[in-house]
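Asker: using only what follows, build the 3D model:
(4 chains)
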There are 4 protein chains.
Amino acid sequence: MTRPVQIAVIGAAEGEPEALEAAEEVGRLLAEAGAVVICGGRGGVMEAASRGAKSAGGIAIGVLPGSDPAEANEHVAHVVATGVGQARNLAVVGSGEAVIAVDGHWGTLSEIAFARKLGKPVVALRSWELQHRTEQELGIVEAGSPAEAVEAALVAAG
Amino acid sequence: MTRPVQIAVIGAAEGEPEALEAAEEVGRLLAEAGAVVICGGRGGVMEAASRGAKSAGGIAIGVLPGSDPAEANEHVAHVVATGVGQARNLAVVGSGEAVIAVDGHWGTLSEIAFARKLGKPVVALRSWELQHRTEQELGIVEAGSPAEAVEAALVAAG
Amino acid sequence: MTRPVQIAVIGAAEGEPEALEAAEEVGRLLAEAGAVVICGGRGGVMEAASRGAKSAGGIAIGVLPGSDPAEANEHVAHVVATGVGQARNLAVVGSGEAVIAVDGHWGTLSEIAFARKLGKPVVALRSWELQHRTEQELGIVEAGSPAEAVEAALVAAG
Amino acid sequence: MTRPVQIAVIGAAEGEPEALEAAEEVGRLLAEAGAVVICGGRGGVMEAASRGAKSAGGIAIGVLPGSDPAEANEHVAHVVATGVGQARNLAVVGSGEAVIAVDGHWGTLSEIAFARKLGKPVVALRSWELQHRTEQELGIVEAGSPAEAVEAALVAAG
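Answerer: Below is the predicted model:
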């Protein structure tokens, strides 16, 4: 395969300033490393990651819940308008070789869960801290900074 | 509306004996209360809840990931074969006026997340204990027994 | 399997009077034969088929595009609120052992296509008349009346 | 919006030689015109269109039914692995400003139907010839060659 590696960046449509800043840096660092950013295509963390990728000359692909490509933020290079509503969360994480969660709430949690269900590596930055009832290892790496998150995701994506 | 109330019961396809026992009792108690059980239609907790509902003369509806109704467990009264893979998790919780999670792993976590995203009340029985980074209230009721879980779900379903 | 046979009835949300009348009779005859009606849960042909099933003491299950069970017509006995938008068309036909199309337009055509893709028998009543470029046999039975359509569907569902 | 126009190219996974040749030329001509090709990411017509786009230095995006990006053909530049099975057909046509159907069978028919349901312009090249019962105008342009199909799609995409 000669395609560039794809990393999904997930997080809320309404992010706090620190989250947006972190997401933008994640997008920028991924693009600098040659990776394509996959995101949900809307605002907040999704838009920040797209803007970061674009600012470094990279590519973000927005995977929308609706059927209208015009709903994507202006920084994505390409749009997939799935039309399947929140089920597009499955498409976002399925498309990444690894997943970076920045902040986020219920939608992001559904994506983390789907990602792990699919066996995809997940890196969490200021996001949900999960613990299963059985205290088993969950396969989620906690990162302390955008640089750490990007490095961990690229290593995990192999 | 004259339809009976619908409660989604979610949990893993491979459940521990205690979880299966609890799920069967949840299904039985829901049926005795006149509620319809919505589940993922497969084995484990899904099958146990279906069996419980049927044993009390009630109805379980299995919402399958695949397109073949024959993949449903033998205790469901009706089957919806969605064909949308794991995205059927969204359909399961969307169809309940409230959701009871019994045990469960990543698939169940995706359902809890979707349920809360949709604003549906969630009752957790031996399931994920979640805490958001912001320590905000998550709207998930912890139940100590099947009877408690069913009562909480029916009250929440209003 | 001891479940009753399930027949999907598909057609437009805005049907002409003749189509609505036909759909209601299809629903009624299916219920009289002990079959469960699966439909899209909304108005028009979907509502007429649901009303017909209910009028004969039978069961219609509405499979909705959205996540709010309250969007279903008042005649369905149970609701599956898929949340996957028009992709619920795949769920409707996947859930039937056979499919009856009454009238209908683009949405109905997508359902006929998915049904045949899945290998489900399709009976058309006043609906699309299709012909493939290769003139191959398409596996769609044309029926001249609701009674003929129901009989053909039940035979095909085996 | 500064994104390049996106045109969906749809058709069967097992195409006849003439269809594959036509699809490859469609992909090539779209890429030469600066358009991005959206396709289902698998073999046959999808692969031929991807190969054509790539051969002209353009971009094809494969929108897969499954959750494994590795299932894409080797000519796509980027992959969205939706995980929603045949419901990905909705995502393919939703992502195009216009749709070109090359040959094709039931899957393609579901895509033509969804595209028209969404109001997207459809150009048919050696594909289904449809006629509605009411003989209303269907909004599908018949093209006689790849060049004609690409021109009609680009005009329709505006």
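Asker: and the helices in chain A?
Answerer: For chain A, applying DSSP state H gives helices covering A:17-32, A:45-55, A:88-94, A:106-117, A:146-157.
Asker: the fourth one packs against which elements?
Answerer: If contacts are counted by 3 or more Cβ pairs under 8 Å, 6 or more residues apart in numbering or on different chains; DSSP states H and E, helix A:106-117 sits against strand A:6-10, helix A:88-94, strand A:98-102, strand A:122-125, helix B:106-117. (Each C-beta comes from the backbone N, C-alpha and C, glycine too.)
Asker: what residues does chain A have near chain B?
Answerer: Residues of chain A lying close to chain B by Cβ under 8 Å from any Cβ of the partner chain are A:84-87, A:90, A:103, A:105-107, A:109-110, A:112-114, A:116-117, A:126-133.
Asker: format the helices and strands packed on helix A:106-117 as a markdown table; extra columns: mean pLDDT.
Answerer: What follows is the helices and strands packed on helix A:106-117, written out as a markdown table (pLDDT from 0 to 100):
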| stretch | mean pLDDT |
| --- | --- |
| strand A:6-10 | 98 |
| helix A:88-94 | 98 |
| strand A:98-102 | 98 |
| strand A:122-125 | 97 |
| helix B:106-117 | 98 |
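Asker: ok, of the residues of chain A next to chain B, which come out buried?
Answerer: Neighbour counting by 16 or more other Cβ atoms under 10 Å in any protein chain shown classes A:84-87, A:90, A:103, A:105-107, A:109-110, A:112-114, A:116-117, A:126-128, A:130 among the residues of chain A next to chain B as buried.
Asker: one step back: for the helices and strands packed on helix A:106-117, give me TSV that also has distance to residue B:12.
Answerer: Shown next, in TSV, are the helices and strands packed on helix A:106-117 (distance: least, Cβ to Cβ, whole Å):
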stretch	distance to residue B:12
strand A:6-10	24
helix A:88-94	18
strand A:98-102	22
strand A:122-125	19
helix B:106-117	6
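Asker: which one, of the ones you listed, ends up nearest to residue C:32?
Answerer: helix B:106-117 (37.1 Å; Cβ to Cβ).
Asker: please enumerate residues in contact with that closest one?
Answerer: A:86, A:106-107, A:109-110, A:112-114, A:116-117, A:130, B:8, B:10-13, B:40, B:86, B:89-90, B:92-94, B:96, B:99, B:101, B:104, B:121-122, B:124, B:127-128, B:130, B:138-140, C:83 (Cβ atoms under 8 Å, 6 or more residues apart in numbering or on different chains).
Asker: read off the pLDDT value for the residue with the largest distance to the centre of chain A.
Answerer: Outermost residue of chain A with respect to the C-alpha centroid, by Cα atoms, centre = their mean, is residue A:134; its distance is 27.4 Å. In this model, residue A:134 is scored at 84, pLDDT.
Asker: quick one, phi/psi of it?
Answerer: phi -90, psi 0 (degrees, to the nearest 10).
Asker: quick one: residue A:11 from residue A:37, how far?
Answerer: Distance from residue A:11 to residue A:37, counting by Cβ to Cβ, to the nearest Å: 12 Å.
Asker: mutual contacts of those two, please.
Answerer: Common contacts of residue A:11 and residue A:37 (Cβ under 8 Å, 6+ apart): residue A:49.
Asker: find the closest residue to chain C in chain A.
Answerer: Here chain A gets closest to chain C at one residue, residue A:84, 4.4 Å apart by Cβ to the nearest Cβ.
Asker: next up, the contacts around residue A:82.
Answerer: Per Cβ under 8 Å, 6+ apart, neighbours of residue A:82: A:63-67, A:88, A:91, D:82, D:84, D:88, D:90-91, D:94.
Asker: what about stretch A:79-89, start to end distance?
Answerer: Distance between the two ends of stretch A:79-89: 14 Å, counting by Cα to Cα, to the nearest Å.
Asker: which residues of chain A score low on pLDDT?
Answerer: Residue ranges of chain A with pLDDT under 70: A:1.
Asker: got the residues of it near chain D?
Answerer: Residues of chain A lying close to chain D by Cβ under 8 Å from any Cβ are A:1-3, A:6, A:36, A:38, A:59, A:61, A:63, A:66-70, A:72, A:74, A:76-84, A:87-88, A:90-91, A:94-95, A:97, A:114, A:118.
Asker: just the residues you listed: which are in strands?
Answerer: A:6, A:36, A:38, A:61, A:63, A:78, A:79, A:80, A:81 (DSSP state E).
Asker: is it possible to export those to TSV including distance to chain C?
Answerer: Output for these, formatted as TSV (distance: Cβ to the nearest Cβ, whole Å):
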residue	distance to chain C
A:6	23
A:36	25
A:38	20
A:61	20
A:63	14
A:78	21
A:79	16
A:80	14
A:81	11
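Asker: who wins for neighbours among those residues?
Answerer: When neighbours are counted by other Cβ atoms under 10 Å in any protein chain shown, residue A:38 leads those with 33 neighbours.
Asker: gap between that one and residue A:131?
Answerer: 27 Å.
Asker: would you list the phi and psi of residue A:5?
Answerer: According to degrees, to the nearest 10, residue A:5 has phi -60, psi 150.
Asker: what residues are up against it?
Answerer: Applying Cβ under 8 Å, 6+ apart, the residues near residue A:5 are A:34, A:35, A:36, A:97, A:154, A:157.
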